[in-house]
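> return a 3D structure for these sequence lines:
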Amino acid sequence: MKPGLPIAALCAALSHAGCASDDATQVVGGSGASTGAGGGAGGVVGDGGWPDAAAGANSGGSPSGGTSSGGTSSGGAGGTTAGGACTNLSAWKSSAAFADAAHVSHPLPSFGVAGFFYVHTMDSSAGERVLYSAKQTSDGSLSAFQLASADHGGGPHGFTAVVVGTEPYHFRNGHIARYPLDSNGKMTGDVVLKEANPDTAFGGNRYVWDSAVFAAFSGGGSTVIHLGGFSFTGYTYKPNVYRSAVPLQPTFTSTGVNHPATRPGRAQFWSPPGANYGYVFSGEGGGSKYWRAKVVAGGAFEPWTELGTLPSGTDNERGDWFVIDGTLFVIRGAKVFGARIDAQGTLAPFQAQPPLPDAQIDISWGQDHLEGASYAVLGDYVYVTGKKTVLYSHILRNQPCPP
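Alright, predicted model coming up:
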């Protein structure tokens, strides 16, 4: 068995009280039906085997960050395009399918690094946890998907993946797991566990359905911020915010700040050019509110400021967030929006971007539990995992800004 790899969890359909740590129990699950774009509720994974799955609720948010090849961040700082020009996205295109009808990627995460895009998959009972990868080509399209690992080390619960510099990790149930990858886009072995003890890595919390960002300060230095999530310690949501210096440490340090939402949602980070500070933007896992917090490279994490509500989307609105050239992009079902960030962390009004062909996410953990972040910015293209294909868009820089 892979180090730290769970024997799946057995959970009551309508109550967290029946859930147990995924390192100690076994899962039962059925198939989750999915709906099309534009208002459908989406399916739930293993209707009888996931916490609250029978409710089938679908709204909320999550993140991951990191950098990619080509000098462009997949969730990091980026720069603000000079001359008052704006950065926009082109119409979305689609890759070949990465999974058949019996397998899903959502609600698992995806990530991109070194010119490859990686997609976690599983069958509807949370088995056959296979990682695929595809190489970026010169026109932004992806090559045929290849087997990167027959067992990617992720559990049957939600987890987040984050690229830290050039090293991808996932956090799950107290684990800090690094993916050992070769230059051909394949894992060279099991995930490598960084934590000394999963019961102490995040202050005693064993997070799943969680949220994290890689925060690279443009003036130098970086950190990883973990924004909380559902904890198997106590079987409830814990909003405690932790951070680790880079390289990642075996234990994250408490910031003394809590996430403002009951269920932490998607998040992104941006640092103004040359600054030793930056801003974390984050939403809630069961709604449309979002907040901003200033973070200083030396460690200070300032209180959150509520920013209002995100623009309305379609279907499951928990689509991905990413920052490109100082613009925060958010996906809300099939709708995509972008807002420029100034040096004080103030967002300009959100502007509509080309929509996705259909809603990004069709499979949920149920009850607003967070799907993993599933995007990457690789060079001049952004990638997001859709229902059965990866969608990608060419980044259009130096575009006229709206009045």
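> quick one: low-confidence parts of the stretch 251-400 of the chain?
For the stretch 251-400 of the chain, no stretch has pLDDT under 70.
> I meant the stretch 51-200 of the chain, not that one.
51-84.
> repeat the analysis, applying 80 as the threshold.
Scanning the stretch 51-200 of the chain for pLDDT under 80 picks out 51-84, 124-126.
> strands along that one, start to end?
Applying DSSP state E, counting those that start in this stretch to the stretch 51-200 of the chain gives strands spanning 86-89, 93-94, 103-104, 110-113, 116-123, 130-135, 146-149, 160-164, 167-172, 175-178, 192-193.
> of the ones you listed, which is nearest Pro354?
strand 86-89 (5.9 Å; C-beta to C-beta). Quick note: C-beta positions are derived from backbone N, CA and C, even for glycine.
> now for the closest one, which elements pack on it?
In terms of contacts (3 or more C-beta pairs under 8 Å, 6 or more residues apart in numbering; DSSP states H and E), strand 86-89 is packed against strand 327-332, strand 335-340, strand 351-353, strand 390-399.
> distance between that strand and the chain's centre?
22 Å (C-alpha atoms, centre = their mean, to the nearest Å).
> give me the sheet partners of that strand and which way each runs.
With DSSP bridges as the test, strand 86-89 is paired with strand 390-399 (antiparallel).
> quick one: buried residues of the strand it pairs with?
Judged by neighbour count using 16 or more other C-beta atoms under 10 Å, the buried positions of strand 390-399 are 390-395.
> so which of the helices and strands packed on strand 86-89 is nearest Ala150?
That would be strand 390-399 among the helices and strands packed on strand 86-89, by C-beta to C-beta, at 20.3 Å.
> what angle separates the closest one from strand 327-332?
In terms of direction (axes from the mean of the first three to the mean of the last three C-alpha atoms, to 10 degrees), strand 390-399 departs from strand 327-332 by 150 degrees.
> now do strand 390-399: everything it contacts.
Strand 390-399 is contacted by residues 72, 81, 83, 85-95, 98, 110, 117, 119, 134, 140-142, 324-325, 354, 356-357, 360, 377, 380-385 when judged by C-beta atoms under 8 Å, 6 or more residues apart in numbering.
> can I get it as CSV, trimmed to CA atoms?
What follows is strand 390-399, C-alpha atoms only, in CSV (Å, rounded to 0.1, in the frame of the first residue of the first chain):
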residue,chain,number,x,y,z
VAL,A,390,-9.5,19.7,-20.2
LEU,A,391,-10.5,23.1,-21.4
TYR,A,392,-7.8,25.7,-22.3
SER,A,393,-7.7,29.3,-23.3
HIS,A,394,-5.0,31.5,-24.8
ILE,A,395,-4.0,34.4,-22.6
LEU,A,396,-4.5,37.8,-24.4
ARG,A,397,-2.2,40.4,-22.9
ASN,A,398,-2.1,44.2,-23.5
GLN,A,399,-5.8,44.4,-24.3
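> export the helices and strands packed on strand 86-89 to CSV and tack on distance to Ser211?
Shown next, in CSV, are the helices and strands packed on strand 86-89 (distance: least, C-beta to C-beta, whole Å):
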stretch, distance to Ser211
strand 327-332, 14
strand 335-340, 20
strand 351-353, 23
strand 390-399, 22
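> of those strands, which is nearest Thr314?
Thr314 sits nearest to strand 335-340 of all those, at 6.0 Å, using C-beta to C-beta.
> what about the residue lying closest to Ala97 once chain neighbours are set aside, which SS state?
Nearest residue to Ala97 in three dimensions, chain neighbours excluded: Lys388, at 4.8 Å (C-beta to C-beta, 6 or more residues apart in numbering). Following DSSP: H, G, I helix; E, B strand; the rest coil, Lys388 is assigned to coil.
> what about the nearest residue to His259 once chain neighbours are set aside, neighbour count?
Residue nearest to His259 in three dimensions, not counting chain neighbours: Pro239, with 3.9 Å by C-beta to C-beta, 6+ apart. By the measure other C-beta atoms under 10 Å, the count of residues near Pro239 is 17.
> swap in Asp358?
Asp358 has 17 neighbours, counted by other C-beta under 10 Å.
> that one against Lys335, yeah?
No - with contact defined as C-beta atoms under 8 Å, Asp358 does not reach Lys335; the gap is 11.1 Å.
> so who does the nearest residue to Ser393 once chain neighbours are set aside touch?
Once flanking residues are discounted, Ser393 sits nearest to Leu89: 4.4 Å by C-beta to C-beta, 6+ apart. Residues in contact with Leu89 (C-beta under 8 Å, 6+ apart) are 329, 336, 338, 353-354, 382, 393-396.
> try Leu370
60-62, 107, 158, 160, 209-211, 229, 263-266, 285, 318.
> quickly check the residues you listed for the two that are furthest apart.
Pro107 and Pro264 (15.5 Å).
> Val208 bridge partners, please.
Beta-bridge partners recorded for Val208 (DSSP bridges): Phe230.
> ok, it touching Pro156?
No - using C-beta under 8 Å, Val208 makes no contact with Pro156, being 9.4 Å away.
> picking that back up, nearest to Phe281, of the helices and strands packed on strand 86-89?
Closest of the helices and strands packed on strand 86-89 to Phe281 is strand 327-332, at 6.0 Å (criterion: C-beta to C-beta).
> and that closest one, what does it pack onto?
Judged by 3+ C-beta pairs under 8 Å, 6+ apart, strand 327-332 is in contact with strand 86-89, strand 264-270, strand 321-324, strand 335-340.
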